[in-house]
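*Asks:* have a look; sequence and predicted model below, questions after that.
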Amino acid sequence: MTSIGASLLTTKHRVSRYLVAETSIDPDTGKPALTWHFDQAALDTEATTDGWYALLTNLPDTTGPAEVLARYKSQEVSERRYGAFKGPLAVTPMFLHSNQRIHALIHVICLALLIFSLIERQARRGAGPDGKIPGLYAGRPARPTGALVLGALNKLRLVPAQSGRPAYIPRPPGLHQHLLTILGVNPTRPP
């Protein structure tokens, strides 16, 4: 291997700071030789920063490191909503012919996402002391998410209003009744 080959390997794998490679020619045989070793001092210096990372923020200087980290860690909540937007809400790409329709579609999607989030929030508030609802996920207790709650409730049947009689949900089973109670829905008079 030539010194160019060693240089390419160290650059490609980003180890050039830690790997010391030397090429030479054997005086007896005239063949090229490559010797290498890791720079232990560079590895030790790098190891002192393991587990640390920098956060750049525009928060005021009075904000402490713990507050900056807490705000950073809470960003996953909004990111999870983007996941809900792409997943359980099943928004598919479409072509719209005018800006008004794009604007209207964004409003409808945001409204659906708000309702989805509020269902999840209300279910979490009504969950038991351990934060789980019995039987929610494959018959086992689970921390409620919007997708799990809507997935459990999608088997409910709504009898439409007719002849002056209001719409109602016929005898919901235990888990469904529990979820409807948590969400504040009266099965005999659904909204």
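*Replies:* Structure's in. What do you need?

*Asks:* right, and the helix or strand after the longest helix along the chain?
*Replies:* In the chain, taking DSSP state H as the definition, the longest helix is helix 99-126. Using DSSP states H and E, the helix or strand that follows helix 99-126 in sequence is strand 133-137.

*Asks:* what comes up buried for that following strand?
*Replies:* Neighbour-count burial for strand 133-137 flags 133, 135-136 (criterion: 16 or more other C-beta atoms under 10 Å). C-betas here are computed from N, CA, C, even on glycine.

*Asks:* sorry, back to before: starting at the chain centroid, how far to the longest helix of the chain?
*Replies:* 18 Å (C-alpha atoms, centre = their mean, to the nearest Å).

*Asks:* now do that helix, average pLDDT.
*Replies:* Averaging pLDDT along helix 99-126 gives 88.

*Asks:* again with stretch 183-191
*Replies:* Here the average pLDDT along stretch 183-191 is 75.

*Asks:* center of this structure - which residue?
*Replies:* Closest to where the C-alpha atoms of the chain average out (C-alpha atoms, centre = their mean) is residue 80, at 4.4 Å.

*Asks:* circling back: pull out the buried positions in the longest helix of the chain.
*Replies:* Going by neighbour count (16+ other C-beta under 10 Å), the buried part of helix 99-126 is 113, 116, 119-120, 122-124.
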